[in-house]
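In: Please work out how this folds:
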Amino acid sequence: MLVVVIIIAVGGTMAYNTVFKKNNVAVDKAIVTVPKNATFNQLMDSLRAHQVLLNERTFLWTCDLRRFKTPRMGHYELKAGMTNLELTGLLRQGQHYSVQFTFNNLRTKKQLVDKVGHRFFFAPEELSDLLNDNEFLSKYGFDTATCVAAFIPNSYEFFYDITAEDFFERMMSYYHKFWNEERLKQAKEIGLSPTEVAVLASIVEEENYKASEKAMIAGVYMNRLNKGMLLQADPTVKFAVGDPTLKRILLVHTTIDSPYNTYLYPGLPPAPIRIPEASTMDSVLHYTHHNYLYMCAKEDLSGYHNFAATLAEHNRNAAAYHQALNRLR
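Out: Next up is the predicted model:
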């Protein structure tokens, strides 16, 4: 009787080790993608397509014993040496872990999508599709041009298995957190909508990233807007041309027919020319009140500006700056 018990115990241990603790991955490495709401049968089809399992029967036994029937979506890296217990544990647990996402100093939707890259379960193309879908964006008050204003540069934390739609929804929640009651009131007081604040902030940021001048520059443009003058903002011309690296704006550039060319079209351009920082939007909301209508880069090429209240004074500043550029050829 004792011998029989020992034989049964040994046989049970061997069976346990065979089913649960023995390597059951036939490849060195395989990336298996489980889409959202995938069924168990779809999971098995994917495992078969990648020829992952050494013994499908023991894997199915393990799934039955562990009552594993609903795989979680994700991109799973399966490696040689993994047991049935490890496989089912991984696929059951999913990839619901947090990912830190930080972005700043971005100009375009493409740069934003590229920054997101493959950090999350969704493909970057899925986010790109959303940001180019007017029907989707209209539900949030944006279009394919203005949607960059929905993204406030900062560090955020998301779960890896978030969808592209949920990612945008979360960014909108941060957008509304920024645009609280106080900031909405401030925007209304200066006669701008939140999107218009982002548009002006994007111009200010392209003019000068130095924090000490942002409110001054915003004040110049607010003065011009309030007087009905053309903004004549060089960064908008660079945007219309499609070359943000232009050092000199020539007459030929200012005649380009584009709604972003503020040398031709009055008021603000239709959308931001970059994704502005929160601090720059606050500089617009708290712009410096002065009588300056003109600005020109300083002739010392420090990156700072000379401000002027009259065209004559501005022309002198511009001449000094152009002479400095000529000396540098």
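
In: what sits against the residue lying closest to residue 292 once chain neighbours are set aside?
Out: Nearest non-adjacent residue to residue 292, counting by Cβ to Cβ, 6 or more residues apart in numbering: residue 307, 4.1 Å away. All C-beta spots, glycine's among them, are computed from the backbone N, C-alpha and C. Going by Cβ atoms under 8 Å, 6 or more residues apart in numbering, residue 307 touches 216, 220, 290, 292, 294, 295.

In: And what about the closest residue to the first one other than its chain neighbours, helix, strand or coil?
Out: What it means is residue 216. Nearest residue to residue 216, sequence neighbours excluded (Cβ to Cβ, 6+ apart): residue 288, at 4.9 Å. Classification of residue 288 using DSSP: H, G, I helix; E, B strand; the rest coil returns coil.

In: Check whether residue 288 really touches residue 223, as I assumed.
Out: No - with contact defined as Cβ atoms under 8 Å, residue 288 does not reach residue 223; the gap is 10.1 Å.

In: quick one, phi psi at residue 34?
Out: Backbone torsions of residue 34, given as degrees, to the nearest 10, read phi -110, psi 110.

In: I figured it was touching residue 45, is that so?
Out: No - between residue 34 and residue 45 there is no contact under Cβ under 8 Å: 10.8 Å.

In: circling back to that earlier point, which element is the residue nearest to residue 292 on?
Out: In this structure, residue 307 sits in strand 305-308 according to DSSP states H and E.

In: Note down every partner strand of that strand and its orientation.
Out: strand 294-297 (antiparallel) (DSSP bridges).

In: And the contacts of the partner strand?
Out: 207, 217, 220, 303-311, 313-314, 317-318, 321.

In: what separates that strand from the chain centre, distance-wise?
Out: The chain centre lies 32 Å from the centre of strand 294-297; the measure is Cα atoms, centre = their mean, to the nearest Å.

In: Can you give me the distance of residue 240 to residue 270?
Out: 11 Å (Cβ to Cβ, to the nearest Å).

In: Overlap in contacts, those two.
Out: In contact with both residue 240 and residue 270: residue 260, using Cβ under 8 Å, 6+ apart.

In: Which single one of the contacts of residue 307 is nearest to residue 161?
Out: residue 216 (45.5 Å; Cβ to Cβ).

In: In contact with that closest one: list those residues for me.
Out: Residue 216 neighbours (Cβ under 8 Å, 6+ apart): 288, 290, 292, 305, 307.

In: Now pLDDT and distance to residue 119 too, for these, in a markdown table please.
Out: Formatted as a markdown table, those follow (pLDDT from 0 to 100; distance: Cβ to Cβ, whole Å):
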| residue | pLDDT | distance to residue 119 |
| --- | --- | --- |
| 288 | 96 | 39 |
| 290 | 96 | 43 |
| 292 | 97 | 43 |
| 305 | 92 | 38 |
| 307 | 94 | 42 |
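
In: Give me the buried subset of those.
Out: Those of the contacts of residue 216 that meet the buried threshold are 288, 292, 305, 307, by 16 or more other Cβ atoms under 10 Å.

In: Where does the prediction get shaky in the stretch 201-329 of the chain?
Out: 329 (pLDDT under 70).

In: Was I right to think residue 205 contacts residue 280?
Out: Yes - assessed by Cβ under 8 Å, residue 205 is found in contact with residue 280 at 4.9 Å.

In: Find the residues that touch each one of those two.
Out: In contact with both residue 205 and residue 280: residue 214, using Cβ under 8 Å, 6+ apart.

In: what's the nearest residue to residue 38 if we skip its chain neighbours?
Out: Closest to residue 38 by Cβ to Cβ, 6+ apart is residue 71, at 5.8 Å.

In: who's in contact with that neighbour?
Out: Counting by Cβ under 8 Å, 6+ apart, residue 71 has contacts 34, 38, 40, 43, 91, 92, 94.

In: elements contacting the stretch of helix or strand residue 60 belongs to?
Out: For residue 60, the enclosing helix or strand under DSSP H and E is helix 56-65. Applying 3 or more Cβ pairs under 8 Å, 6 or more residues apart in numbering; DSSP states H and E, one finds that helix 56-65 contacts helix 40-49, helix 84-93.

In: right, and those - which one's nearest residue 246?
Out: With Cβ to Cβ as the criterion, residue 246 lies closest to helix 40-49 of these, at 50.2 Å.

In: and residue 60, how many neighbours does it have?
Out: 15 (other Cβ atoms under 10 Å).

In: quick one: contacts for the most centrally placed residue in the chain?
Out: Closest to where the C-alpha atoms of the chain average out (Cα atoms, centre = their mean) is residue 112, at 4.0 Å. Shown in contact with residue 112 (Cβ under 8 Å, 6+ apart): 103, 106, 131, 148, 151, 275.

In: Please apply the same query to residue 68.
Out: Counted by Cβ under 8 Å, 6+ apart, residue 68 has contacts 40, 62, 88, 91, 92.
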